[in-house]
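**Student:** no sequence on this one, just coordinates:
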């Protein structure tokens with residue numbers, strides 16, 4: 001499945017934009033601030049029903065506007081599928097697939113798989129635990145609706161327990177029966193989440209190792225190590241013992257929301273000992289591994305979104321990345337850049353068909 005047409009209305013800084021991308025590589029060239037990243041984010045919205053960057057839908061509505069709307073058409077073999085997303089400030093987001101509105105936006109997850117790489121991730125991924133947990137979640141919610149359900153359940157009771165502890169602390173009185181109920185629901189969901197995360201990490205490691213070896217010429221062996229409190233502790237006992245400590249700091253210190261994913265290269269910690277080049281190789285190899293894993297475990301190939309690729313990657317690594325993508329035979333990829341000549345140079349070397357578009361003042365046109 002690939003994106004055939006995209007119409008945007010009042011999405012971030014894009015007032016009205018009509019875009020007709022093609023299969024293969026789609027280079028989007030424009031000046032900084034022209035809306036290239038926002039265009040990619042709108043495609044991410046089509047795939048995941050939400051922004052990659054914004055937690056709240058309301059933040060995607062153009063300044064001084066009351067709503068945004070995304071209309072898209074997707075070519076699936078010989079059929080055309082339509083997806084429309086609308087968000088009004090005072091209402092819940094509406095998502096329609098082929099004219100039928102979903103009861104829950106999450107029902108759409110997995111129909112159009114996506115992988116997105118943004119410039120800062122080259123550094124934040126190895127430094128921020130939250131980014132690594134986000135990587136697990138973004139992969140698994142596209143593959144497994146039950147995982148998404150259990151993740152929501154866990155987060156809901158985590159939020160309720162945190163609020164309850166804060167209130168109980170002010171009253172200097174703890175309702176242990178209520179806390180027991182929250183923790184029992186959290187524990188059931190946590191066991192499912194841990195098992196599915198562990199299985200995913202175990203299965204993606206061989207892909208990571210293969211891509212890392214190819215990108216480094218055999219010089220870098222990359223590895224993920226996953227650890228969770230759930231794997232070796234009775235969480236009900238842990239949570240009960242930490243209630244007072246959690247209440248004092250207004251946060252729950254143990255659980256799957258604190259899972260750790262360690263990045264290793266050549267048996268060393270990537271964060272502490274990796275050079276910039278080794279970190280870049282690891283992150284790119286991991287994202288390629290994610291692409292391959294989704295390709296092999298879903299009915300349709302993922303859309304790949306590469307935002308401002310040259311901001312953190314040198315030309316040689318971009319060339320390595322795109323050469324490996326040629327081998328994966330990905331159906332559609334979007335790449336933003338500021339330099340037309342650079343895009344033209346790269347496009348000439350590709351096995352995949354390449355298309356170049358120029359974005360300027362809310363208009364996007366094909367460049368010959």
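**Tutor:** Nice, thanks for sending it over. Here the structure is a predicted model, which means the values were calculated and not measured.

**Student:** Which parts of this protein are helices?
**Tutor:** Per DSSP state H, the chain has helices spanning 36-48, 121-127, 129-143, 145-171, 176-216, 235-241, 243-249, 270-273, 276-297, 315-328, 340-348. These are given in chain order.

**Student:** Point out where the chain drops to low pLDDT.
**Tutor:** In the predicted model, the chain carries pLDDT under 70 at residues 368.

**Student:** what's the distance between the residue nearest the centre of it and residue 76?
**Tutor:** Among the residues of the chain, residue 138 comes closest to the average C-alpha position under C-alpha atoms, centre = their mean, at 4.7 Å. Counting by C-beta to C-beta, to the nearest Å, the gap from residue 138 to residue 76 is 22 Å. Yep, even glycine has a C-beta here, placed from its N, CA and C like the rest.

**Student:** And for residue 246?
**Tutor:** From residue 246 over to residue 76 the distance is 48 Å, taken as C-beta to C-beta.

**Student:** sorry, back to before: show the contacting residues for the closest residue to the residue nearest to the centre of the chain other than its chain neighbours.
**Tutor:** The shortest distance from residue 138 to any residue other than its chain neighbours is 7.7 Å, reached at residue 48 (C-beta to C-beta, 6 or more residues apart in numbering). Counting by C-beta atoms under 8 Å, 6 or more residues apart in numbering, residue 48 makes contact with 109, 114, 138, 142.

**Student:** Residue 48 and residue 139, how far apart?
**Tutor:** According to C-beta to C-beta, residue 48 and residue 139 sit 12 Å apart.

**Student:** what's near enough to touch the nearest residue to residue 238 once chain neighbours are set aside?
**Tutor:** Ranked by C-beta to C-beta, 6+ apart and with sequence neighbours excluded, the top spatial neighbour of residue 238 is residue 254, at 5.0 Å. With C-beta under 8 Å, 6+ apart as the criterion, the residues that contact residue 254 are 229, 233, 235, 238, 239, 242.

**Student:** distance of residue 254 from residue 55?
**Tutor:** Taking C-beta to C-beta as the measure, residue 254 and residue 55 are separated by 24 Å.

**Student:** Same check on residue 349?
**Tutor:** Following C-beta to C-beta, the distance that separates residue 349 from residue 55 is 39 Å.

**Student:** okay, those two: which has more neighbours?
**Tutor:** Shown here are residue 349 and residue 55; by other C-beta atoms under 10 Å, residue 349 has more neighbours (11 against 8).

**Student:** Many thanks, I have nothing further to ask.
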